[in-house]
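# for reference, the sequence and a predicted model appear below.
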Amino acid sequence: MFLSGDRNLTIGNTLLKGVVALRTNTTMIWSRKLHDRVGNLGLADGSVMRVTPEQTRQLLLQTGDITNRVAFPQ
């Protein structure tokens, strides 16, 4: 389960802030502002994963939920 993510995840041109619902069919991009198009996700087991946009989508699919709520710093 995802808990949090870096502040550079965008949907369209919108930078995600606060608690956001991510769906498995959401097209998202990690911006170049931080980590050059990759991001870090904090997971419920206490680990952190560095992921590309495609890896993020694959992880969303693996949760078994259509919608996942993730907290992003503001």
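Looks like it came in fine. Numbers count the residues shown, from 1 in each chain.
# my read: residue 34 touches residue 6, true?
Yes. Contact status for residue 34 versus residue 6: in contact at 5.7 Å, counting by Cβ atoms under 8 Å. (Glycine included, C-beta is placed from N, CA and C.)
# which of the two has more neighbours?
residue 6 (21 against 14; other Cβ atoms under 10 Å).
# now the more buried one: how far from residue 40?
Distance from residue 6 to residue 40, counting by Cβ to Cβ, to the nearest Å: 5 Å.
# ok, now residue 21?
Residue 21 is 19 Å from residue 40, by Cβ to Cβ.
# of those two, who's got more company?
Neighbour totals were compared for residue 21 and residue 40, and residue 40 leads with 15 against 10 (other Cβ under 10 Å).
# list the contacts for residue 15?
7-9, 31 (Cβ atoms under 8 Å, 6 or more residues apart in numbering).
# in helices only, show me these.
Among the contacts of residue 15, none falls in helices (DSSP state H).
# make TSV out of these and add distance to residue 66 and pLDDT.
Formatted as TSV, the contacts of residue 15 follow (distance: Cβ to Cβ, whole Å; pLDDT from 0 to 100):
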residue	distance to residue 66	pLDDT
7	25	82
8	24	85
9	18	84
31	25	82
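# surely residue 53 meets residue 26?
No. Between residue 53 and residue 26 there is no contact under Cβ under 8 Å: 10.1 Å.
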